[in-house]
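J.: pasting the sequence and the predicted coordinates here, then a few questions.
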Amino acid sequence: MQDEFGQVLEAESISAGLDYPGVGPEHSHLAATGRARYESVTDDEVVEAFQLLSRTEGIIPALEPAHALAWVSREREALAGRTVLLNLSGRGDKDVGQMMEILS
Amino acid sequence: MTGLGPVETALRARLDGGGRCLVPYITGGLGEDWTSTIQEVASAGADVIEVGIPFSDPVMDGPTIQDANDRALGAGATPPGILGSLRGLDVGLPLVVMTYYNIAFRMGLERFAAALADSGVSGCILPDLPLEETGPWAEAADACGVETILLAAPTTPDERLPLICERSRGFVYGVGLLGVTGVRTELASSACTIAERLKEVTDRPVLVGVGVGTPEQAVEVSGHGDGVVVGSAVVQRMLDGAGPDGVAALVAGFREALDAEF
């Protein structure tokens, strides 16, 4: 994310780990070669997914992988009957304070 | 590029006379009178002046120059705007631009190099561009006669120093400490060490910057190298509203101290 002169612009995400204005070269390459597809979810969907996993499994996901959970949850009908591998890349203990504020 | 460019020529002239080099840094676009500041500083004993093109993420810079960058950008500074202002200046000494790679990359390396040359800028420092990635930029700069100044850090291994010196033009910039730009109470011992290590492997002028904020520190480190780059101390004066004369007085103090010793 940059302006016409190359000045970096402010990013915004509910997740500190995703609040970054750039994309790594590996992801760019995977996208360009068609080996990976990148989807987006909203902050509201992330908050829902965070609670869904916490309540159903007792596992608190970090807000970063909660984005992946939100997508799986949204696509659950299309994914039904298929094997889904989700990388729960971080724990959400670090995010509970922020979640308390969001949910209060 | 064949022969010496304007930056190295100016620095060598100072060194040949037995003196030490002084390169003040001024953030472009900071305040209404920043070009007047360049002119006054040029008359105050600078050998070359380094002009910063403000960047949103100045990773080498500490709080003072970060603040200066933010203020300049907030006032609407842009790379073409800064270069356009420099084009009209005739200060009688070489100017070098210091900015970050994305500014050059975004404009296009050939276009950026040509824009520097067109604005009368003789050299360029891109501190976040490592040696291994320098090729395309250095070729573009060489083609336009722009001297690319490379940096060596206290952590740079011995075997890497000659490679940096060989590719550097104008001078070699020794980074005085492990950290960001800014005035420190005392000169770091690493400043003298990097100057000595560079002098052992190159005939190019060796200037030390980062953490050189007082005339005394400039004299001390210049006993080991060929001179200094003074950034944050100068920019702090600008931020304090000293005006062109006030900034020039500070620079004159560095000149006097260096000339008294060397």
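T.: Arrived safely, thanks for sending. Residues are numbered from 1 along each chain as shown, chains lettered A, B, ... in the order given.
J.: can you give me the strands in the stretch 51-200 of chain B?
T.: B:95-98, B:121-125, B:147-149, B:151-152, B:172-175 (DSSP state E, counting those that start in this stretch).
J.: export the ones you listed to TSV and tack on mean neighbour count, distance to chain A and mean pLDDT?
T.: Glycine gets a C-beta too; all of them are placed from N, C-alpha and C. Formatted as TSV, the entries for these read as follows, by neighbours: other C-beta atoms under 10 Å in any protein chain shown; distance: least, C-beta to the nearest C-beta, whole Å; pLDDT from 0 to 100:
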stretch	mean neighbour count	distance to chain A	mean pLDDT
strand B:95-98	25	14	98
strand B:121-125	25	15	98
strand B:147-149	26	18	98
strand B:151-152	24	20	98
strand B:172-175	28	22	98
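J.: the residue nearest to B:Thr214 when sequence neighbours are not counted - how many residues pack around it?
T.: For B:Thr214, ignoring the flanking residues on the chain, the nearest one in space by C-beta to C-beta, 6 or more residues apart in numbering or on different chains is B:Ala233 at 7.1 Å. Per other C-beta atoms under 10 Å in any protein chain shown, the neighbour tally for B:Ala233 reads 23.
J.: any idea how far B:Ala233 is from B:Pro24?
T.: Here the distance between B:Ala233 and B:Pro24 works out to 9 Å (C-beta to C-beta, to the nearest Å).
J.: just the closest residue of chain A to chain B, please.
T.: Among the residues of chain A, A:Gly6 lies nearest to chain B; the distance is 2.9 Å by C-beta to the nearest C-beta.
J.: residues of chain A that sit close to chain B?
T.: Listed as neighbours of chain B in chain A under the rule C-beta under 8 Å from any C-beta of the partner chain: A:Gln2, A:Glu4, A:Phe5, A:Gly6, A:Gln7, A:Val8, A:Leu9.
J.: the second one should be in a strand, yeah?
T.: No - when classified by DSSP: H, G, I helix; E, B strand; the rest coil, A:Glu4 is found to be coil rather than part of a strand.
J.: poorly predicted segments of chain B, please.
T.: Residues of chain B that meet the criterion pLDDT under 70 lie in B:1-2.
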